[in-house]
Each structure stands twice: as C-alpha cells, then as structure tokens.
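**Student:** Please work out how this folds:
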Amino acid sequence: MNNYEYIVASLPVLRQEDARTDNLDAAALVDEIRGQLSGHDQALLDTLLDGYDPDKMDADFYARMTGHKNRFLREWFTFDLDLRNTTVAYLNDQLGREAGRDLIQPEGFEELEAFPEREAAEAILRGTDILKRERGLDDLRWRKIDEITIMDFFDIEAILGFVAKLKIIDRWLQLDPDSGRALFRRMVEDIRSTYDNKKQNIAI
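**Tutor:** Next comes the predicted model:
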C-alpha cells in the first residue's frame with residue numbers, strides 16, 4: 001500500500017541539500033519516486049511520462065488520456081492537447097498554412113472551442129521573444145497543474161503533479177539554468193507550505 005504522506009513529505013528533502021540544483025537528476029528523482037509506489041501507481045506514472053515521448057503522442061494516445069479513469073491524467077492531457085492544438089493553429093495562421101494542418105484530433109474530441117486558457121495562450125504566442133514565449137507557456141502549464149491538484153495533498157494526483165512540474169524544471173535547467181533553479185525553489189516552497197498547512201489542519 002502506498003504511503004503517500006511519506007512520499008510527498010520527502011520530495012523537497014531529496015534535493016534540499018543541493019540548493020543550486022546544479023546536479024539535479026530528474027530521471028533519478030523520478031526513479032526514487034517510482035520505487036515507493038505500488039505497481040498500479042507505477043503504471044500511472046509511466047503513462048504520464050509517455051506524454052513526453054513524441055513517438056507516443058498521437059491521436060490514439062490522447063484519445064486514451066482524455067478518457068482516462070485517473071483524474072490528473074485525464075485533465076492534464078486534455079489541457080495539453082488543447083494547448084498544443086492552439087499553438088499549432090496559431091502558427092498555421094501566422095505562416096499562411098492550411099487551417100487544421102497538423103492538429104491532433106482524437107475521435108470524438110472537440111474541446112478546442114471550449115479551451116479556457118486559449119486567449120491566454122494566444123496572447124503568449126504573440127510575443128516576439130522566443131525564450132519569454134516558452135516561459136509563458138510553461139507558466140501556463142504550471143498554473144494548470146496547481147489548478148488540477150489544488151485539493152490533492154497525500155495522493156497519487158499530487159505525486160503526478162510533482163513529476164509534471166519536475167519535467168518543466170528539467171527542461172528549463174537545459175534552456176536557461178537560472179529559470180530552472182528558480183522554478184525548482186518555487187516548487188520546493190509550494191510543497192513545504194502545502195505539507196505544513198495540511199498537517200496543521202489534521203492537528204486541529
């Protein structure tokens with residue numbers, strides 16, 4: 001049986017001794033988390049990680065994810081699909097390409113028109129600074145993870161949200177190390193605050 005409280009409480013501790021995160025090994029950290037999960041939750045984690053493999057992210061993948069029983073996977077990949085399609089649609093328009101070209105359209109999925117973050121995404125995409133544009137889109141992703149997991153503390157959804165944020169951090173450590181380190185500190189502070197608040201509520 002999973003000890004979610006122990007796993008969540010230990011997440012900041014795993015890298016707390018390395019404040020600069022220069023040696024952050026995201027893959028090793030994910031393996032540490034995986035080793036504390038049940039077989040069922042390991043499968044959920046691996047499914048999340050499949051969403052970062054271009055070879056697997058096709059219409060069939062998104063069809064499975066947008067109908068997945070796990071709430072985090074379902075909501076996260078619905079958002080991810082909408083954000084990707086919004087980005088492609090914007091680029092098609094800017095480049096004079098055929099409308100609808102390269103969109104991922106799982107059968108029965110027609111959520112683009114209802115995408116709540118579409119205006120925010122398009123405002124970011126209109127920016128001319130490529131690095132700021134990428135950061136803006138990742139900030140949008142970060143906020144979505146917070147939204148999905150706002151009521152999750154000691155459960156698999158909280159852990160999946162942590163890993164999704166870790167993937168963002170790992171990307172920025174490669175693109176812009178200062179931004180990556182800032183994001184990591186932000187995540188550690190968020191987790192510590194959430195954990196402390198939850199423990200206080202339990203004590204009350």
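**Student:** Looking at residue 54 now. What's its pLDDT?
**Tutor:** The per-residue pLDDT reported for residue 54 equals 87.
**Student:** I'd like to know how many residues surround it.
**Tutor:** Using other C-beta atoms under 10 Å, residue 54 is surrounded by 6 other residues. From N, CA and C alone the C-beta is placed, and that goes for glycine too.
**Student:** how far away is residue 170 from residue 105?
**Tutor:** Distance, residue 170 to residue 105, by C-beta to C-beta, to the nearest Å: 29 Å.
**Student:** Those two: who's more crowded?
**Tutor:** Between residue 170 and residue 105, counting by other C-beta under 10 Å, residue 170 is the more crowded of the two (21 against 14).
**Student:** Which strands and helices lie in contact with the host helix or strand of the more buried one?
**Tutor:** For residue 170, the host element (DSSP states H and E) is helix 156-175. Helix 156-175 sits against helix 4-16, helix 26-34, helix 39-50, helix 71-95, helix 130-148, helix 177-203, with contacts defined as 3 or more C-beta pairs under 8 Å, 6 or more residues apart in numbering; DSSP states H and E.
**Student:** And the most centrally placed residue in the chain, how far from residue 142?
**Tutor:** Nearest to the mean C-alpha position of the chain, by C-alpha atoms, centre = their mean, lies residue 164 at 3.2 Å. Using C-beta to C-beta, one obtains 9 Å as the distance from residue 164 to residue 142.
**Student:** And for residue 127?
**Tutor:** Distance from residue 127 to residue 142, counting by C-beta to C-beta: 17 Å.
**Student:** neighbour count winner among these two?
**Tutor:** residue 142 (19 against 14).
**Student:** Excluding sequence neighbours, find me the nearest residue to residue 59.
**Tutor:** Leaving aside its chain neighbours, residue 59 sits nearest to residue 106 (4.7 Å; criterion: C-beta to C-beta, 6 or more residues apart in numbering).
**Student:** again, but for residue 4
**Tutor:** Of all residues not flanking residue 4 in the chain, residue 154 sits nearest, at 3.9 Å (C-beta to C-beta, 6+ apart).
**Student:** Show the backbone phi and psi for that neighbour.
**Tutor:** The phi/psi pair for residue 154 (degrees, to the nearest 10) reads phi -120, psi 70.
**Student:** do residue 102 as well
**Tutor:** phi 70, psi 10.
**Student:** how about it, what does it touch?
**Tutor:** By C-beta atoms under 8 Å, 6 or more residues apart in numbering, the contact list for residue 102 reads 88, 92.
**Student:** For it, give its distance to residue 95.
**Tutor:** From residue 102 to residue 95 the distance is 11 Å (C-beta to C-beta).
**Student:** Also residue 101?
**Tutor:** From residue 101 to residue 95 the distance is 10 Å (C-beta to C-beta).
**Student:** ok, back up a step: distance check, the residue nearest to the centre of the chain against residue 42.
**Tutor:** As judged by C-beta to C-beta, residue 164 and residue 42 stand 16 Å apart.
**Student:** Can you pull out the low-pLDDT segments for the protein?
**Tutor:** Along the chain, segments meeting pLDDT under 70 span 1-2, 11-23, 108-113, 176-177, 179-204.
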